[in-house]
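Enquirer: sequence? don't have it. structure:
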């Protein structure tokens, strides 16, 4: 086991070294709210005004003045106030104003009595509960003060953030421009999806998978297609990708085998660190710097490519766009529902399904075959079962860590 894992570095070490080299891009663009979904705020966002912008009623009921309140007294209704249609008439002493939720508070009002705490009579209403000064009144700025910061820089804009900005009357804002990511696959055995396969060929699923994940992460994808195992073609692909992109991602060709020219070419074009990671699947992974872009080389096996993209490329892209929140969800300790096979030596990301057991505690089971070519394991799973580097086979009932899929894999 020691000889097999010699020279492998941990995932944490690889992540740390990689992220330490990155500086977020500084380019900003101004977009409307409709265009900004999924984008990253480029600067803090402040409220142009207070929310609420005026004192208003939190209930359907009656606006009252405390001096008019006496036990059992019938109070005439002087008028009505609606949201968008305030009461501006005369408000005689000894009367109330009928008021709806969201309506502006009439001048002189000191409390709102909910209608359930009143009795209606032909000549007015009788209040049947004690009244506290200020009750059921939403004060100006109670939610958000004018010029208060409502979003930090580095926030991904979604269904929680964009309606908030709309409620403040913010029609456009500055976001980080989309990362430009060039992708291509290498390998004479690969064939584009949809084309017939010759003997010994397989479909190029990795480039398709990476393109989907990049699109989901809001990147601009530059697809350079399939590149054959030819040094001149590979060099042209890397040079073209470097000219166009912030990040270059290739799949295949990083295991430094007999027909893998990637390492030699990249050493000529930039500064490349080839890592052998102590993880399974995904041992061969490359990271480095080209003339104008960052480079990530993913393994050729489909599951290995997806795992390394998820665990390494996803945080890299988040760092480059200045995102403040962690790209990967926190791990949880759950109970193994069954025996899970593992050999010591590498951190293992097995695909699993977690759910509550009969006793209410979370438990996890494997999706089955964990081979690096079995991509169906992702379609069945909702988490990674993260098994420590030196851990062996897990028995049913033991505690393990899981990493629930985030939106990139979780739908």
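Expert: Ah, there it is. These numbers come from a predicted model, not from an experiment.
Enquirer: centre of the chain versus stretch 104-122, how much separation?
Expert: Counting by C-alpha atoms, centre = their mean, to the nearest Å, stretch 104-122 is centred 45 Å from the centre of its parent chain.
Enquirer: Repeat that for stretch 139-147.
Expert: With C-alpha atoms, centre = their mean, you get 28 Å for stretch 139-147.
Enquirer: And that stretch, end to end?
Expert: Start to finish, the residues bounding stretch 139-147 are 17 Å apart (C-alpha to C-alpha, to the nearest Å).
Enquirer: Buried ones in that stretch, by neighbour count?
Expert: By 16 or more other C-beta atoms under 10 Å, the buried positions in stretch 139-147 come out as 140-141, 144. All C-beta spots, glycine's among them, are computed from the backbone N, C-alpha and C.
Enquirer: And stretch 45-57, by the same measure?
Expert: 45, 47, 50-52, 55-57.
Enquirer: Show me the buried residues of stretch 139-147 that map onto helices.
Expert: Members of the buried residues of stretch 139-147 lying in helices (criterion: DSSP state H): none.
Enquirer: Dump the residues you listed into CSV; add pLDDT and distance to residue 277 as well.
Expert: Below are those laid out as CSV (pLDDT from 0 to 100; distance: C-beta to C-beta, whole Å):
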residue, pLDDT, distance to residue 277
140, 96, 56
141, 94, 52
144, 94, 46
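Enquirer: The residues you listed into a markdown table, with extra columns for distance to residue 400?
Expert: Supplementary listing: these in a markdown table, determined by distance: C-beta to C-beta, whole Å:
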| residue | distance to residue 400 |
| --- | --- |
| 140 | 52 |
| 141 | 49 |
| 144 | 43 |
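Enquirer: Go through those residues and say which is closest to residue 245.
Expert: Using C-beta to C-beta, residue 144 is the member of the buried residues of stretch 139-147 that sits closest to residue 245, with 39.4 Å.
Enquirer: Skipping its backbone neighbours, what lies nearest that closest one in space?
Expert: Residue nearest to residue 144 in three dimensions, not counting chain neighbours: residue 51, with 4.1 Å by C-beta to C-beta, 6 or more residues apart in numbering.
Enquirer: and the one you found, what does it touch?
Expert: Neighbouring residues of residue 51 by C-beta atoms under 8 Å, 6 or more residues apart in numbering: 141-144, 167-168.
Enquirer: Now, those residues that are in strands?
Expert: Using DSSP state E, no member of those sits in strands.
Enquirer: Need the pLDDT of the closest residue to residue 205 other than its chain neighbours.
Expert: Leaving out its chain neighbours, the residue that sits closest to residue 205 by C-beta to C-beta, 6+ apart is residue 302, at 5.2 Å. At residue 302, the pLDDT value in this model is 88.
Enquirer: was I right about residue 302 contacting residue 375?
Expert: Yes - counting by C-beta atoms under 8 Å, residue 375 is a contact partner of residue 302 at 4.7 Å.
Enquirer: can you list residues touching both of those two?
Expert: Residues touching both residue 302 and residue 375 (C-beta under 8 Å, 6+ apart) are 205, 209.
Enquirer: Give me the more crowded residue out of the two.
Expert: Legend: neighbour count by other C-beta atoms under 10 Å for residue 302 and residue 375, higher for residue 302 (24 against 17).
Enquirer: Show the backbone phi and psi for that one.
Expert: When quoted as degrees, to the nearest 10, the phi and psi of residue 302 stand at phi -60, psi -50.
Enquirer: ditto for residue 118
Expert: Main-chain torsions, residue 118, degrees, to the nearest 10: phi -140, psi 160.
Enquirer: okay, now the residue lying closest to it once chain neighbours are set aside: neighbour count?
Expert: Counting by C-beta to C-beta, 6+ apart, residue 118 lies nearest to residue 125, which is 4.6 Å off, once chain neighbours are set aside. By the criterion of other C-beta under 10 Å, residue 125 has 23 neighbours.
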